[in-house]
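> coords below, sequence missing:
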């Protein structure tokens with residue numbers, strides 16, 4: 001009885017173990033299928049990447065947004081992923097020639113990103129030659145652009161001659177156009193990173209800088225000479241005006257003085273004709289001699305007879321006669337003319353006193 005009871009229990013255990021194994025197999029199979037479906041029928045594009053789905057090597061679809069996408073398993077379809085982020089690239093050191101046949105060494109940098117994944121895949125693909133292609137474009141554009149500019153457009157002491165920004169813009173425009181047209185990439189910037197000169201060109205550049213500095217010096221000196229000439233001309237003109245004005249004033253004063261003298265002589269003539277004649281004759285005598293003159297004259301002939309007449313008048317009337325005549329004349333003249341007459345008579349007397357009387361007397365004898 002006991003043996004019959006134990007046998008069903010063993011059989012039940014075997015049946016339960018067989019079901020568990022079967023379930024486990026299905027679970028594993030489902031997991032394998034899920035894995036195969038996941039890896040075989042889907043592809044994931046990460047943030048910052050782009051991709052193209054290829055069916056038998058031909059592009060079926062381009063992917064520019066991150067996410068999970070359906071595809072057929074290999075070998076029916078495959079996925080090629082590219083980095084779509086903005087990338088930095090330095091060009092090689094390029095030695096080129098300017099318009100004035102001067103060698104110059106330039107190194108630039110480029111910022112670029114993929115704009116058309118399909119075009120990029122077809123033109124570049126997985127060969128990894130995009131860096132070489134971009135450097136070739138930079139080299140070609142740099143040679144072409146710098147061939148139209150002289151060295152002073154890059155290196156000069158005159159800021160107005162430097163056109164480095166214009167040169168960079170032209171290089172950037174050419175590289176951007178060619179890269180987009182040939183490789184499907186968008187170039188966002190091309191700028192000069194380093195600029196140097198070959199050793200053979202350094203001395204010529206220094207000579208050119210010296211010449212430019214000398215040119216500036218010559219311009220400054222020329223401007224200074226012109227300014228000095230203008231100042232001298234202006235000073236000469238002002239001096240000529242002053243001299244002319246002084247001459248005019250002197251002529252005016254002389255004319256006024258002569259007029260006053262004429263008035264004095266006229267007043268003297270109207271007041272005392274003998275005194276007027278005496279003064280005129282005395283003036284003539286004084287004008288003919290000086291301190292070094294030795295005269296041999298006849299006292300009874302004109303105009304030296306005035307000395308004899310004066311001597312006679314001094315004998316007859318003496319100083320009182322002369323003073324009387326002068327006093328009368330002065331009473332007939334205005335105040336201004338009085339002063340002029342007194343001054344003139346004083347000068348005549350002073351000049352007459354300078355005549356060497358002993359020598360004249362000796363000459364007469």
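Structure's in. What do you need? Quick caveat: nothing in here was measured; it's all calculated off a predicted structure.

> In the stretch 51-200 of the chain, where is pLDDT below threshold?
In the predicted model of the stretch 51-200 of the chain, residues 126-128, 199-200 satisfy pLDDT under 70.

> Show me the helices in it, by range?
Under the criterion DSSP state H, counting those that start in this stretch, the stretch 51-200 of the chain contains helices at 117-123, 130-146, 164-183, 199-271.

> In JSON lines, list the ones you listed along with mean neighbour count.
All C-beta spots, glycine's among them, are computed from the backbone N, C-alpha and C. Listed next are these as JSON lines, based on neighbours: other C-beta atoms under 10 Å:
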{"stretch": "helix 117-123", "mean neighbour count": "18"}
{"stretch": "helix 130-146", "mean neighbour count": "18"}
{"stretch": "helix 164-183", "mean neighbour count": "17"}
{"stretch": "helix 199-271", "mean neighbour count": "12"}
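
> among those, which is nearest residue 107?
Closest to residue 107 of the helices of the stretch 51-200 of the chain is helix 130-146 (C-beta to C-beta; 9.5 Å).

> who's in contact with that closest one?
By C-beta atoms under 8 Å, 6 or more residues apart in numbering, the residues outside helix 130-146 that reach it are 89, 91-92, 94, 96-99, 104, 106, 108, 110, 112, 120, 124, 167, 170-171, 174-175, 178-179, 182-183, 185, 187, 190.

> Help me confirm that residue 68 comes into contact with residue 51.
No: with contact defined as C-beta atoms under 8 Å, residue 68 does not count as touching residue 51 (11.7 Å).

> Out of those two, name the residue with the larger neighbour count.
Higher neighbour count among residue 68 and residue 51: residue 51, with 23 against 9, using other C-beta atoms under 10 Å.

> If the more buried one is in a bridge, with which residues?
On the basis of DSSP bridges, residue 51 is bridged to residue 63, residue 81.

> Confirm for me that it is in contact with residue 82.
Yes: taking C-beta under 8 Å as the definition, residue 51 is a contact partner of residue 82 at 6.9 Å.

> residues bridging contact with residue 68 and residue 51, i.e. touching both?
Shared contacts of residue 68 and residue 51, defined by C-beta under 8 Å, 6+ apart, are found at residue 43.

> What count of nearby residues applies to the closest residue to residue 138 other than its chain neighbours?
Leaving aside its chain neighbours, residue 138 sits nearest to residue 91 (4.5 Å; criterion: C-beta to C-beta, 6 or more residues apart in numbering). Number of residues near residue 91 (other C-beta under 10 Å) recorded here: 23.

> and for residue 51 and residue 82, which residues touch both?
residue 117.

> Contacts only, for residue 91.
107-110, 134-135, 138-139, 193.

> Can you tell me how far the residue nearest to residue 86 when sequence neighbours are not counted is from residue 92?
Here the nearest residue to residue 86 in space, its sequence neighbours aside, is residue 113; by C-beta to C-beta, 6+ apart that works out to 4.9 Å. Counting by C-beta to C-beta, to the nearest Å, the gap from residue 113 to residue 92 is 21 Å.

> tell me the domain boundaries of this protein?
Following automatic domain parsing, one finds the domains of the chain at 18-83, 87-197, 204-256, 272-364.

> Beta-bridge partners for the nearest residue to residue 189 once chain neighbours are set aside, please?
Nearest non-adjacent residue to residue 189, counting by C-beta to C-beta, 6+ apart: residue 111, 4.3 Å away. Bridge pairing for residue 111 (DSSP bridges) gives the partners residue 88, residue 189.

> wait, what's in contact with residue 111?
Neighbouring residues of residue 111 by C-beta under 8 Å, 6+ apart: 86-89, 187-190.
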